[in-house]
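In: How does the following fold in three dimensions:
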Amino acid sequence: MRDRNSRLDTGRGTVSFAQYRYERAAKAVAKLIIATVAAAAIITGALFGLGRIAHWGPFAPGIPEARYSAQSWNTIVVNRWHRIPDDYPAPELTQLANGQQVDSRIYPELQRMFDTMRADGLDPEVTAGYRTQDEQRQIMSDRIFLYENQGMSAKDAEREAGRLVAIPGTSEHEIGLAVDLNAVGAADAEANQQVYDWLAANAWQYGFILRYPDGKTDVTGNQYEPWHYRYVGADVAKDIHDHGITLEEYAR
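Out: Numbering: from 1, shown residues only. Take a look at the predicted model:
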């Protein structure tokens, strides 16, 4: 039996046998930890990938992707049944005077529409433009928290919030093509209504459509929002306006 005080020549100098045995055990443990972490990462990655493809399991988004092509970017249909695709490119943004942002491709027509509205005596502004998914998630969390404080169970609060707030990953605000439009300050109900009336009659001429019309909740998945407008381009907007249909119906 080797004495614990025996000395060994390790090539790095002479050490005690006990120290040598400790160092060897420490290296073995470190290798085991590294191997375990690597294996866990591979398994997690595989499950995540399969989940996203098959839409199952805790790694899956649970909602099919919307159809998207760069050639028809303006008609992508994002709603509670079709989430933003994983490969959807981050939009190039233009910042407005009040700090809100929109996809730069819609800015020229938005500005042209605002110029006409101001010439008609209105004072519009974008009260909500582009949002990140984290911002959308925070809006959802705040709404759930509000309902829970009103006495709802967590499940009921989440269900009720989902009726009024888009599920993160399914909001048009996250692609930068949607804007909420109100009168500056958004506090005067009459001024807001004047903005809504003008938009309902004229926005299509600038490539914007009322995204969630009254009586179309079963089609769009959203309640009537007279302030929420979506850019689809002049030709598509005219077609949708002339036929009195929604973007979902147009894209079928």
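In: Helix or strand: which one has the residue nearest to residue 136 when sequence neighbours are not counted?
Out: Nearest residue to residue 136, sequence neighbours excluded (Cβ to Cβ, 6 or more residues apart in numbering): residue 168, at 4.4 Å. For glycine as for every other residue, the C-beta is placed from the backbone atoms N, C-alpha and C. Counting by DSSP states H and E, no helix or strand carries residue 168.
In: In stretch 238-252, which residues are buried?
Out: For stretch 238-252, a neighbour-count test (16 or more other Cβ atoms under 10 Å) marks 240-241, 245-248, 250-251 as buried.
In: May I see those organised as TSV, with pLDDT added?
Out: Compiled in TSV, the buried residues of stretch 238-252 are given as follows (pLDDT from 0 to 100):
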residue	pLDDT
240	98
241	97
245	98
246	98
247	98
248	98
250	97
251	94
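In: How about the contacts made by the residue nearest to residue 136?
Out: Contacts of residue 168 were listed using Cβ atoms under 8 Å, 6 or more residues apart in numbering, and they are 133, 136-137, 140, 174.
In: same thing but 7 Å
Out: 133, 136-137, 140 (Cβ atoms under 7 Å, 6 or more residues apart in numbering).
In: cool, residue 76 as well?
Out: 66, 68, 175.
In: And what about residue 250, helix, strand or coil?
Out: Three-state call for residue 250 (DSSP: H, G, I helix; E, B strand; the rest coil): helix.
In: Give me the distance between the residue nearest to residue 136 and residue 203.
Out: The gap separating residue 168 from residue 203 is 27 Å, by Cβ to Cβ, to the nearest Å.
In: Least confident secondary structure element in this protein?
Out: strand 7-9 (a mean of 50; mean pLDDT, DSSP states H and E).
In: got the contact list for stretch 224-233?
Out: Residues contacting stretch 224-233 (Cβ under 7 Å, 6+ apart): 74-75, 106, 109, 172, 177-182, 196, 199, 203, 207-214, 240, 247.
In: And for stretch 84-99?
Out: With Cβ under 7 Å, 6+ apart as the test, stretch 84-99 has contacts from 65-66, 68, 78, 101-104, 107, 125-126, 129-130, 169, 174-176.
In: Can you point out the buried residues in that stretch?
Out: Those would be 84, 88, 91, 94, 96, for stretch 84-99 by 16+ other Cβ under 10 Å.
In: Could I get the phi/psi values of the last one?
Out: Dihedral angles of residue 96 (phi, psi; degrees, to the nearest 10) stand at phi -90, psi 170.
In: which regions of the stretch 1-150 of the chain sit below the pLDDT cut-off?
Out: 1-30, 33-61 (pLDDT under 70).
In: go again using 50 as the cut-off
Out: Low-confidence segments of the stretch 1-150 of the chain (pLDDT under 50): 1-2, 4, 8, 10, 15, 17, 44-60.
In: Repeat that for the stretch 151-252 of the chain.
Out: For the stretch 151-252 of the chain, no stretch is flagged by pLDDT under 50.
In: 90 - rerun?
Out: 162-164, 185-188 (pLDDT under 90).
In: Run through the helices of it in chain order.
Out: 154-164, 189-202, 217-220, 234-243, 247-251 (DSSP state H, counting those that start in this stretch).
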